[in-house]
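A.B. asks: any chance you could fold what I've pasted below:
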Amino acid sequence: MSEIDQRLQQLTNAVLAGKSDEARQSTHAALARGGSKNDILEAVAEAVNIIIDLNEVEEYDHERLGSVEGAVNSSIQVIEDKLSASEGRFSLKATVGPVGLKAGNLLSLTVSNALRSIGFHVTNLSKTKTPLELLRNSEELRADLVIPLLAREDVEGQLQAFMEEIERGGFKTKFEIVPVAPGLSSSVTASVYVARDFGEAISRATEWALKRRGLQLTEKGSSTSV
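C.D. replies: A predicted model of the protein is given here:
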């Protein structure tokens, strides 16, 4: 294991333990040895995914989750300048929010910063409770991209409920929607792209943003040549 990998593993362990000072120190140490902001976000995400999975089985108490969130924020603060420098590269707005996901605020925080890292302006809607609330808030914020975070438990039922709200409100015409549905069977289809984990959602968001920017440049070139 390289020295960078050791520092990143220490960061993951610090977040799991909810130790803010250690998370901050490990982040600085990883950066000092050549780690990138994306390396940091991946190490944090590894810890958050473990906590989400554990919380599905046995809920963490609020104090413990609060400590973990504090450790995540301590690490993010270290790379805040790097995230701010990347944010806005696409000139697109994204919203992220959990729906029925225990400890979903942690994952929402992580995904929000991952989107900032690739170039989105992001609003973290971690307090949302229902699909309709997330969709309406996103509409009010004039989002271009919406990433709902669903729970593994009854994921098919959750996705169906979400799709019903999308169809009922005509939200597909208002923004791109990429639900994250962990554990969803590959045989399940939907009228929107569904990611099986948040890493896939980030890849999809990047692909969509690049394609959209390409179309905008093509349209601009066409109008200029007229």
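A.B. asks: can we go C-alpha only for contacts and neighbour counts from here?
C.D. replies: OK.
A.B. asks: okay, domains of the chain per the record?
C.D. replies: For the chain, automatic domain parsing gives the domain ranges 1-85, 87-226.
A.B. asks: in JSON lines, list those domains along with mean pLDDT and mean neighbour count.
C.D. replies: Output for those, formatted as JSON lines (pLDDT from 0 to 100; neighbours: other C-alpha atoms under 10 Å):
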{"stretch": "domain 1-85", "mean pLDDT": "92", "mean neighbour count": "19"}
{"stretch": "domain 87-226", "mean pLDDT": "90", "mean neighbour count": "18"}
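A.B. asks: mind saving the C-alpha coords of the helix or strand containing residue 28 as PDB?
C.D. replies: Using DSSP states H and E, residue 28 falls within helix 20-32. Extracted as PDB, the C-alpha positions of helix 20-32 are listed here (Å, rounded to 0.1, in the frame of the first residue of the first chain):
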ATOM      1  CA  SER A  20     -13.100  15.300  13.200                       C
ATOM      2  CA  ASP A  21      -9.500  16.200  14.100                       C
ATOM      3  CA  GLU A  22      -8.200  12.900  12.800                       C
ATOM      4  CA  ALA A  23     -10.200  13.300   9.600                       C
ATOM      5  CA  ARG A  24      -8.800  16.800   9.100                       C
ATOM      6  CA  GLN A  25      -5.200  15.700   9.700                       C
ATOM      7  CA  SER A  26      -5.500  12.700   7.400                       C
ATOM      8  CA  THR A  27      -6.900  14.900   4.700                       C
ATOM      9  CA  HIS A  28      -4.000  17.300   4.900                       C
ATOM     10  CA  ALA A  29      -1.600  14.400   5.000                       C
ATOM     11  CA  ALA A  30      -3.100  12.800   1.900                       C
ATOM     12  CA  LEU A  31      -2.900  16.000   0.000                       C
ATOM     13  CA  ALA A  32       0.600  16.700   1.100                       C
END
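A.B. asks: I'd like the next helix or strand past that helix.
C.D. replies: helix 37-57.
A.B. asks: what's the following helix or strand after that next one?
C.D. replies: Taking DSSP H and E, what comes next after helix 37-57 is helix 62-78.
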